[in-house]
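I would like the atomic coordinates for the input below:
(2 chains)
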Amino acid sequence: MTTSSTAQDGGVAAPLLAVRDLRVSFRLGKSKPFEAVRGVSFEIAPRSTVALVGESGSGKSVSAMSIVRLLPDNAIVDAASRAEFGGVDLLHAPLDQVRALRGRDISFVFQEPQSSLNPVFTVGDQVAEALRLHTKLTRSRARARAEELFSEVGIPQPRDRMNAYPHELSGGQQQRVMIAAAIACEPRLLIADEPTTALDVTVQRQIIELLRGLQQRYAMSILFISHDLGLVGEFADAVVVMREGQVRERGSTVGIFGAPQDPYTRSLIACRPRLDQRPRRLPTIEDFLAAGGEQTAEPAPRPLRPNHGPQLIEAAGLRKQYRLKTGLLRRRTIEAVRDASFTLERGRTLGVVGESGSGKTTLGLLLMRLVEATAGQVRFDGEDVLRMKREPLMKFRRRVQVIFQNPYASLNPRFTIGQILAEPMRIHAIGADESERNARIAALLDRVGLARASLHKYPHEFSGGQRQRIAIARALSLRPDLLICDESVSALDVSVQANVLNLLLDLQDEFGISYLFISHDLAVVKYMADEILVMNGGDIVERGSAEAIYRDPQHDYTKKLLASIPRGYMPPSHV
Amino acid sequence: MNAIASFAAVPDSESSPGVWQLAWRRLRGDRVAMVALAVVAAYAALVVASLVGLVAADWTREVGVPYANPRFLGPTVDESVKIERPSGPRVDLSAVDPLAPRYAEWDARAAQIQSVSAPHLSTLTFGGDRLGRDVIAKAIKGTQVSILVGVFAALLATAIGTALGAVAGYFGGVAGDLMEWFYNVFTAVPGILLIFAFAAVFGRGTATVVLILALTGWTAVYRLVRAEYLKHRGREYVLAAEAIGASHFSRMFEHILPNVSHVVLVQLSLLVVFFIKAEVILSFLGLGVPIDSVSWGTMLNEAQSELILGKWWQLAAATAFMAVFVTAFSTLTDALRDALDPRLRQG
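Numbering: from 1, shown residues only, chains lettered A, B, ... in the order given. Next comes the predicted model:
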């Protein structure tokens, strides 16, 4: 199995899939069609993995979906575009012919396993169904084969799990079921559209290993779509970097990571925070494009903040239990946070890292009293937060603000930006009158880098990064002492992420705000935080300075978490 | 100061369309909806005109003969009433008639008195009812009563449903449970029975009909609004509002309500149609508006006995007025729902 060699001199063997000059546009109302993909060409050699990489809106998913004719009705594929697969032009062949190929020779794995599985059928039935559609297996033979597939994709106790419904499985196991269904007919090409984006890093690592193993065993090709260059670098043979519907760079993984030619590729590699470096400022795409692709001078490392400032937050034995009804009279208690004790000094950043369900979000909400704690104590500047009455609580609200993960959900869609920014000041009677508040709002917009004309616009007119800036401006309007960032950059593209992180750091320097920075992304937390709490299943399993956690993790879970982070392309000598 | 000046300099044209404006634009693109809107607007104008007395103010006047024919049918030729007048010379009876000397005096007196009542017309534009009242005027007056009852009852029911639903969905817990029990008990009783019960307690009157319909019809609004509030309660924008210190009231009605208002609006318009039909049924059953006023329902009730006599025009007039309005309003509601559907609203 010399998969890598076939891929690297891809011209020798006839490609499995050859996409030539793919152009896709969408009809949107009366306006001119929107061109989503503009002349994309790439090839996939047999038994190789090709990655389509790009940020949101780059056209990577549209390209993949157009190959299998799964585009919505308002899409127009250009007549001159070609996608040759085994002598068939997938883009223009009769739909029946393509349908016969789908699922048998070409199959897919999507991002959200939960919404890809039908919730009312058992997972075993769903995999057997996929088999029976394309092969002549009898019902019992199909079930037997499905069971084999389950054990092959690493589902424990496959016989029992066959009869489970999707909601009884974890996200990782659901994705394994999706993969089992996808490889059921031994396809020649597997299209994986962000298959691990919705999963935790440790699970992501397992899924990637699984895909790699299956590729070897079934001698199939994988078209891997991802926004994560680090992940792609570990896994793909060739990489196609896309931006705004066009291919920016195309080549072998060695070439792309070793000597990237395009400034955009370079900036994508550079603007993601790295575990082993901590520059003062993250490079952004604008820096690279402005400098004409020249790497700007290596930024100076950021000094650690001293930890002898006055304590702002002091939490002791913080605990949150949820009671769930499991029967008529039966109750089950779930401990979301168990005995959390920590401190945060003024002007510093405390990072909280953990996977989904680790209790990190609940911890943030407890501190803000957006959720009432079951037990424990929180002191904010010496005052007992959990027992505050109305008046002191309003004062506390003014000093502690939060920025949520989803910039699409955290802004009221019916308010203009002006209303959103004025409301906190109105509630806390900041500013003497409307005109003074308006002046403050204008200054805030300037500070977070938004045009003043944004004032009369509604949130839906802004991009994700801009909305997150609005959320930051709203939090800043109260001049808080503590800002809780709950996955605040997780939903953003890497380039936007770098911009927002830089903004947060600048604001910290300017106003001396303390941050509680919550994220599942260890690299981002490591970049932002002075001190880190690692959470798992409601417990704080490790606590230490950012550097110490990375260099010398003590707890097994922390070690596992660190090992799971995609490290990007490693030259062979390192492996 | 500089900041203020430059802020004030931001021109108004920079303001961009809100969700309602976008919905209006979508609605305007829908030709059927615009026709329906025009019809509804015409009815609204008619109701206003009738309210201020511009049209149909004298609908109670008996302008025609009973059951006057529509003009296009011509006057009724009633054979049974026709009496043949005797011909030939008059017979002098003055010798035997003791009242004969007074006839001349009575004739003179009668000539002095002038009849003020206009002669009853034998035909009317679209016919008359049992008392000879103009059916068209009656239908216009009926439109006013029916639509106003429908709209006010719908407004009241929506207000009740929204307030209760908001409280139940937002607070949940014990308050939510209590509200749910109340709702369940309320919906468990058959609707028509409930209406009878309320009608028996409150007595007859237009205001009573509004009250009865509102008190029995809020449940659907409650259910949907509660569900929306449950959903929005945990949204991050509401949490963010709590974090900046917004009060419960502000979160419920300033933050969440505008975001669920499309649901409320669609329910409101559905209720208008439903209540207009309900009022017709109530009046038909004799539980509706009082006998001294008229609605589509009372017209249909009267038409029942008229139809046996072959006098179909009152039925036709009431049905046509009602059918056109209800169809137009339903069409408009459907289009409104499409225009406001949050799934179509792209970020």
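
what segments of the stretch 101-250 of chain A are strands?
A:106-109, A:189-193, A:221-226, A:238-243, A:246-252 (DSSP state E, counting those that start in this stretch).

so, low pLDDT: which residues of chain B?
B:1-18, B:77-83, B:117-118, B:341-347 (pLDDT under 70).

tell me what the longest helix seen in it is packed against?
Ranked by residue count under DSSP state H, the longest helix found in chain B is helix B:135-171. On a contact count with 3 or more Cβ pairs under 8 Å, 6 or more residues apart in numbering or on different chains; DSSP states H and E, helix B:135-171 meets helix B:31-51, helix B:173-188, helix B:206-217, helix B:219-233, helix B:257-284, helix B:296-308, helix B:313-340. Every residue, glycine included, has its C-beta placed from N, CA and C.

ok, for A:R272, nearest residue in space, not its chain neighbours?
In space, A:R272 comes closest to A:V494 once its chain neighbours are excluded; the distance is 5.1 Å by Cβ to Cβ, 6 or more residues apart in numbering or on different chains.

buried stuff in the longest helix of chain B?
B:135-158, B:160-170 (16 or more other Cβ atoms under 10 Å in any protein chain shown).

quick check: A:A236 vs chain B, distance?
Applying Cβ to the nearest Cβ, to the nearest Å, the value for A:A236 to chain B is 31 Å.

just put the helices and strands packed on helix B:135-171 in JSON lines and tack on mean neighbour count and distance to chain A.
Listed next are the helices and strands packed on helix B:135-171 as JSON lines, based on neighbours: other Cβ atoms under 10 Å in any protein chain shown; distance: least, Cβ to the nearest Cβ, whole Å:
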{"stretch": "helix B:31-51", "mean neighbour count": "15", "distance to chain A": "15"}
{"stretch": "helix B:173-188", "mean neighbour count": "13", "distance to chain A": "12"}
{"stretch": "helix B:206-217", "mean neighbour count": "21", "distance to chain A": "27"}
{"stretch": "helix B:219-233", "mean neighbour count": "20", "distance to chain A": "10"}
{"stretch": "helix B:257-284", "mean neighbour count": "22", "distance to chain A": "4"}
{"stretch": "helix B:296-308", "mean neighbour count": "19", "distance to chain A": "38"}
{"stretch": "helix B:313-340", "mean neighbour count": "19", "distance to chain A": "12"}
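
sorry, back to before: residue contacts, the residue nearest to A:R272?
A:55, A:227, A:229, A:268, A:271-272 (Cβ atoms under 8 Å, 6 or more residues apart in numbering or on different chains).

repeat that for A:C485.
Per Cβ under 8 Å, 6+ apart, neighbours of A:C485: A:402-403, A:504, A:515-519.

distance check, it against A:A475.
Note on A:C485: its distance to A:A475, by Cβ to Cβ, to the nearest Å, is 9 Å.

anything in contact with each of those two?
With Cβ under 8 Å, 6+ apart, A:C485 and A:A475 have common neighbours A:402-403.

for the host helix or strand of A:Q321, packing partners?
Using DSSP states H and E, A:Q321 sits in strand A:311-325. With contacts taken as 3+ Cβ pairs under 8 Å, 6+ apart, strand A:311-325 sits against strand A:331-345, helix A:360-368, strand A:375-380, strand A:514-519.

which positions in the second one come out as buried?
Neighbour-count burial for helix A:360-368, with 16+ other Cβ under 10 Å as criterion, is recorded at A:360-368.

can I have the buried ones of the contacts of A:V494 as a PyMOL selection?
For the buried members of those, the matching PyMOL selection, counting by 16+ other Cβ under 10 Å, is:
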select buried, chain A and resi 55+227+229+268+271+272
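
most widely separated two among the contacts of A:V494?
Farthest pair in the contacts of A:V494 (Cβ to Cβ) is A:H227 and A:C271. Separation: 12.5 Å.

mind pulling up the pLDDT for A:V337?
Note on A:V337: pLDDT of 90.

quick check: bridge partners of it?
A:K320 (DSSP bridges).

deepest of the strands of the stretch 101-250 of chain A, which one?
Per residue and on average, the most neighbours among the strands of the stretch 101-250 of chain A fall to strand A:221-226, with a mean of 26 (mean count of other Cβ atoms under 10 Å in any protein chain shown).

ok and that strand relative to strand A:189-193, angle-wise?
10 degrees (axes from the mean of the first three to the mean of the last three Cα atoms, to 10 degrees).

kindly check the end-to-end length of stretch A:532-552 for me.
End-to-end span of stretch A:532-552 (Cα to Cα, to the nearest Å): 13 Å.

in that stretch, what counts as buried?
A:532-536, A:538-544, A:546, A:549-550.

what is the rounded mean pLDDT of that stretch?
Rounded mean pLDDT across stretch A:532-552 is 90.

ok, stretch A:219-231 next?
pLDDT averaged over stretch A:219-231 gives 89.

run a quick neighbour tally on B:D97.
For B:D97, the neighbour count with other Cβ atoms under 10 Å in any protein chain shown is 11.

so it sits in a helix?
No: under DSSP: H, G, I helix; E, B strand; the rest coil, B:D97 falls outside any helix and is assigned coil.

distance of it from B:Y103?
9 Å.

out of the helices and strands packed on helix B:135-171, which comes closest to B:L131?
When the helices and strands packed on helix B:135-171 are compared (using Cβ to Cβ), the closest one is helix B:296-308, at 10.0 Å.

tell me the angle of that closest one relative to helix B:135-171?
Using the same axes, to 10 degrees: helix B:296-308 against helix B:135-171 is 140 degrees.

residues in the stretch 301-450 of chain A within reach of chain B, list them.
A:365, A:368, A:370, A:394, A:397-398, A:400-402, A:404-406, A:408-414, A:416, A:423-424, A:427-428, A:435-436, A:438-439, A:441-443 (Cβ under 8 Å from any Cβ of the partner chain).

which of those fall within helices?
Checking those against DSSP H, those in helices are A:365, A:368, A:394, A:397-398, A:423-424, A:427, A:435-436, A:438-439, A:441-443.

buried subset of the residues you listed, written for PyMOL?
Filtering those down to the buried ones (16+ other Cβ under 10 Å) takes a single PyMOL command:
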select buried, chain A and resi 365+368+397+398+423+424+427+438+439+441+442
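
out of the ones in helices among the residues of the stretch 301-450 of chain A next to chain B, what pair is the most spread apart?
Across these (Cβ to Cβ), the longest gap, 35.6 Å, separates A:L365 and A:S435.

so what does A:P480 look like in phi/psi?
Dihedral angles of A:P480 (phi, psi; degrees, to the nearest 10) stand at phi -70, psi 160.

please name the residues that touch it.
A:398-401, A:513.

now it: closest residue in space, sequence neighbours ignored.
A:P480 sits nearest to A:Q401 (Cβ to Cβ, 6+ apart), 4.2 Å away.

so who does the one you found touch?
Here A:Q401 is in contact with A:474-476, A:478, A:480, A:482-484, B:243-244 (Cβ under 8 Å, 6+ apart).

just A:A409 next, same as before
Counted by Cβ under 8 Å, 6+ apart, A:A409 has contacts B:235-237.

now A:I222
A:48-50, A:189-192, A:211, A:215 are the contacts of A:I222 under Cβ under 8 Å, 6+ apart.

how about it: what's its closest non-neighbour residue?
A:T49 (4.4 Å).

before I go, just wanted to say thanks for your time.
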